Structure formats: C-alpha cells, structure tokens
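[1] prediction below, plus the sequence it came from.
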Amino acid sequence: MLCIHGWSDNSGSFNNLIPLLPSDWRCLAIDLPGHGFSSHRLAGVFYGFPYYVADMRRVIEVIAVQWKRFSAIGHSMGGNIAAMFSALYPEMVEAIVLLDSFGFVPAHKKEINIIIRKGIDEMIEYEKKMGDRKEKIYTYEAAKERSGVQ
C-alpha cells in the first residue's frame, strides 16, 4: 500500500492509520517533494499534479521488484495524485482509496491560458519570497537507502 499525503502535510499523516490496517499489508508512506524530510524542487520547477504523478512513478520504479501491482491511499492532494496515476497507469494499480480528495476541477479550454499564467506568476512571486535557502538535496542512492528499499 503506497500512502500519499496531502498538501502541506507529510508521510507522518498515516502514522495513526497504518497500525489499523491488516498486519500482512506492506505499507510505504512517502514524503512528496517539498514536504516532510524530502528536498524541495529546484527554483522554477512547479509543484503540480503531473510532476507529483511522475514522482510517484519513480517511487514505484524503485520498488517494482517487490510490487508488480499495488494499491494506494491518498489524502486530499495525495488522493488526486493517486487518481491521476491510476488513470495513466491502470495496469499497475490494484485499488485506490481517496480520503478527503476533491477531484479535478474542469476548466473550459478558453480559461486554460488564464489558469496556467496565474500559476506561473504565483510561482515566480513565491520564489522571490524564498530567497537563497540552503537545503538538503539527497542523491538517488541516499534517498533509496533512507527508504529502506533494497
């Protein structure tokens, strides 16, 4: 069971739920980029659903030796990520559980350019506020070692 947290949260949000699941289930709760103990994305790289889906795909690639198909529990934004992943990779997903997920807000094609522009402008303003932060950046090997996956 892959556990995906919501916005401004971290993998610890599943600490109370995982012990209640069947003891023979294997669970992996991840910290999405910019959350918990994970590194932030580089300046100019967005925190959008397609990028989080790609992150989820990378996690599955690492543990694919152990999990050919998997189930996912997603809370809030994590539910949207799990839903989008299952739509793109249905052959990899056994089941998904969505907790407090809001679904996707459809946009008329005439509004897409306004929405994308707003997102880009907000990201640039956010980056200006962040300044020169020094953060831990984990290599692929170090992240894999920290996860306990062989």
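    All right, it came through fine. Numbering: from 1, shown residues only.
[2] tell me the average confidence for the helix or strand containing residue 55?
    Assigned by DSSP states H and E, residue 55 belongs to helix 49-63. Regarding helix 49-63, the rounded mean pLDDT is 88.
[3] so how far is the longest helix along the chain off the chain centroid?
    As assigned by DSSP state H, the longest helix anywhere in the chain is helix 112-130. Put simply, helix 112-130 sits 20 Å off its chain's centre (C-alpha atoms, centre = their mean, to the nearest Å).
[4] tell me which helix or strand comes right after that helix.
    Criterion used, DSSP H and E; the element after helix 112-130 is helix 140-147.
[5] and that next one, C-alpha only, in PDB?
    Provided in PDB are the C-alpha atoms of helix 140-147 (Å, rounded to 0.1, in the frame of the first residue of the first chain):
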ATOM      1  CA  TYR A 140      19.000   8.900  -5.700                       C
ATOM      2  CA  GLU A 141      21.200   6.300  -3.800                       C
ATOM      3  CA  ALA A 142      20.900   8.200  -0.500                       C
ATOM      4  CA  ALA A 143      17.100   8.500  -0.900                       C
ATOM      5  CA  LYS A 144      16.800   4.800  -1.700                       C
ATOM      6  CA  GLU A 145      19.000   3.900   1.400                       C
ATOM      7  CA  ARG A 146      16.900   6.200   3.700                       C
ATOM      8  CA  SER A 147      13.700   4.500   2.400                       C
END
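[6] buried ones in it?
    Going by neighbour count (16 or more other C-beta atoms under 10 Å), the buried part of helix 140-147 is residue 143. All C-beta spots, glycine's among them, are computed from the backbone N, C-alpha and C.
[7] that one vs helix 49-63, what angle?
    70 degrees (axes from the mean of the first three to the mean of the last three C-alpha atoms, to 10 degrees).
[8] what pLDDT, on average, does helix 140-147 get?
    76.
[9] how far off centre is that helix?
    Worked out by C-alpha atoms, centre = their mean, helix 140-147 lies 17 Å from the chain centre.
[10] perfect, that will be all.
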